[in-house]
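Chemist: Below are the sequence and a predicted model for it; my questions follow.
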Amino acid sequence: MGVDLGDIFERKEIEFSDLKGKVIAIDAYNTLYQFLSIIRQRDGTPLIDSHGEITSHLSGFLYRTTNLIEEGIKPVFVFDGIPPEFKNKIIEERKKIRANAQEKWDEAKARGEDKEAFKHAQASSRIQGNMVEDAKLLLRVMGIPVIQAPSEGEAQASSIVRDGKAYAAGSQDYDALLFGAPVVVRNLAVTGKRKLAGKSIFVEIKPELIELEKGLAALGISREQLVDIALLVGTDYNDGIKGIGPRKALKLIKKHKGIEAVLLELKTEIKNLAEIKNLFLNPPVTSEYEIKWKKPDPEAIMKFLCDDHDFSQVRVSKAVERLIEASDEGQKTLDKWF
């Protein structure tokens, strides 16, 4: 879920055309969760095949990734590896939250309250079974590079950007900034008309661009201090300090220069502080990866989605045609970009 720094970091709304010809290293788990959350029926039920396997994420990876390629974007999907040990507590807490949401979803469905059911269904989304391996398989037969991170996917994506192998890291979270990504793009997979939670209001969502150095300069802080702010607010590895949001954390860090002095003033502590800071500033990543786009394999795509997971042959064949055409044009653009 990551830390929310939206209140203090400038986000620039952009068009897809601004990303044409650009390589984007996308946090695959973040994207997978988005697809599981938003691609559902009215009562919150996800797409399911005849074997009872959820396929919402596969639908997202096919159709929405094809949309990105048609826009001239060159996606690279980076998957999480083994999480650090101190993340286990947060992982267990999330499991409890999702289990609770599942119960509320079931109750709302039984009452026939579709809006309430959909809300709780989204909160119950979880990665299970063969979801990750199936996503990797689909992306590969679509001709899209897949990279396996040793640990956190956002850290690896950020490293790819710093190495100059990609223009930006793609994620809804702000963690990529903490991991040192020079440029982050948000909303890649959720653009278009979206309904505001709990309201009958629709808003237009466009991609957002965030530049790390420009943001740090505007705030008058260093990247290490940005990590300190995140730790005070709460990250995937710690709960944060109660009552402290991004703006208050920024004020405290600018006053005291670092988190240690802030914690002394507040007379509190953060467990595993040094280890968490080091993870953000020096995360485990690999340089042993290959970024190479290949031609889509129509037969493999059709077999996997239609034969194995009951997707509509008509819809998938149309998507494959679009993918092949866009991939051919995109390769010409990429060759010029390099």
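Modeler: Looks like it came in fine.
Chemist: Just the buried positions in stretch 76-83, please.
Modeler: Buried positions in stretch 76-83, judged by neighbour count with 16 or more other C-beta atoms under 10 Å: 76-81. From N, CA and C alone the C-beta is placed, and that goes for glycine too.
Chemist: Excluding covalently adjacent residues, which one is nearest to residue 295?
Modeler: Among residues not flanking residue 295 along the chain, residue 143 sits closest, at 5.5 Å (C-beta to C-beta, 6 or more residues apart in numbering).
Chemist: Next one: the one you found from residue 284, what distance?
Modeler: Here residue 143 is placed at a distance of 28 Å from residue 284 (C-beta to C-beta, to the nearest Å).
Chemist: what about the helix or strand containing residue 69, distance to the chain center?
Modeler: Secondary structure from DSSP states H and E places residue 69 in helix 65-70. Mean-position distance between helix 65-70 and its chain equals 16 Å (C-alpha atoms, centre = their mean, to the nearest Å).
Chemist: Please apply the same query to stretch 47-58.
Modeler: Relative to its chain's centre, stretch 47-58 lies at 21 Å (C-alpha atoms, centre = their mean).
Chemist: End to end on it, go ahead and measure it.
Modeler: The first residue of stretch 47-58 is 9 Å away from its last residue (C-alpha to C-alpha, to the nearest Å).
Chemist: I'd like the average pLDDT over that stretch.
Modeler: For stretch 47-58, the mean pLDDT works out to 95.
Chemist: contacts for it?
Modeler: When contacts are defined by C-beta atoms under 8 Å, 6 or more residues apart in numbering, stretch 47-58 is touched by residues 32, 35-36, 39-41, 46, 59, 128-131, 134-135, 138, 305, 308-311.
Chemist: now with 10 Å?
Modeler: Contact partners of stretch 47-58, identified using C-beta atoms under 10 Å, 6 or more residues apart in numbering, comprise 31-41, 45-46, 59-60, 62, 125-132, 134-135, 137-138, 304-305, 308-311.
Chemist: Which residue ranges of the stretch 151-300 of the chain form helices?
Modeler: Remark: helices assigned in the stretch 151-300 of the chain by DSSP state H, counting those that start in this stretch are 153-162, 175-178, 212-219, 223-233, 246-256, 259-266, 273-281, 298-302.
Chemist: among the ones you listed, which is the most enclosed?
Modeler: Of all these, helix 175-178 carries the top mean neighbour count, a mean of 29, counting by mean count of other C-beta atoms under 10 Å.
Chemist: Can you spell out which helices and strands pack onto it?
Modeler: The helices and strands touching helix 175-178, judged by 3 or more C-beta pairs under 10 Å, 6 or more residues apart in numbering; DSSP states H and E, are strand 23-27, helix 153-162, strand 168-170, strand 183-186, strand 208-211, helix 212-219, helix 223-233, helix 273-281.
Chemist: mind checking which of these is nearest residue 320?
Modeler: strand 23-27 (20.7 Å; C-beta to C-beta).
Chemist: thinking again about what came up before, tell me which of residue 143 and residue 284 has more neighbours.
Modeler: Comparing residue 143 with residue 284 by other C-beta atoms under 10 Å, the one with more neighbours is residue 143, at 19 against 15.
Chemist: OK, contacts around the more buried one?
Modeler: The neighbourhood of residue 143, defined by C-beta under 10 Å, 6+ apart, consists of 69, 292-297, 301, 323-324, 327, 330-331.
Chemist: Scan those residues and report the most crowded one.
Modeler: When neighbours are counted by other C-beta under 10 Å, residue 323 leads the contacts of residue 143 with 26 neighbours.
Chemist: Just confirm that one is within a strand.
Modeler: No - checked against DSSP: H, G, I helix; E, B strand; the rest coil, residue 323 lies outside a strand; its state is helix.
Chemist: thinking it is in contact with residue 75, fair?
Modeler: No - contact criterion C-beta atoms under 10 Å: residue 323 and residue 75 do not qualify, at 11.9 Å.
Chemist: list residues touching both of these two?
Modeler: Here residue 323 and residue 75 have 65, 69, 142, 144 as joint contacts, going by C-beta under 10 Å, 6+ apart.
Chemist: Now flag whichever of those is closest to residue 189.
Modeler: The closest of the shared contacts of residue 323 and residue 75, once distances to residue 189 are taken by C-beta to C-beta, is residue 65, at 8.2 Å.
Chemist: Next one: that closest one from residue 78, what distance?
Modeler: Going from residue 65 to residue 78 by C-beta to C-beta gives 14 Å.
Chemist: joint contacts of those two?
Modeler: With C-beta under 10 Å, 6+ apart as the test, residue 65 and residue 78 both reach 26, 31.
Chemist: give me every residue that touches residue 209.
Modeler: Here residue 209 is in contact with 10-14, 18-19, 168, 183-187 (C-beta under 10 Å, 6+ apart).
Chemist: how about those, which pair is most distant?
Modeler: Using C-beta to C-beta, the pair of the contacts of residue 209 lying farthest apart is 10 and 19, separated by 18.1 Å.
Chemist: Of these two, give the one with the bigger neighbour count.
Modeler: Neighbour totals were compared for residue 10 and residue 19, and residue 19 leads with 22 against 13 (other C-beta under 10 Å).
Chemist: Surely the more buried one and residue 68 touch.
Modeler: Yes - using C-beta under 10 Å, residue 19 is in contact with residue 68, at 8.6 Å.
Chemist: Appreciated, that's everything.
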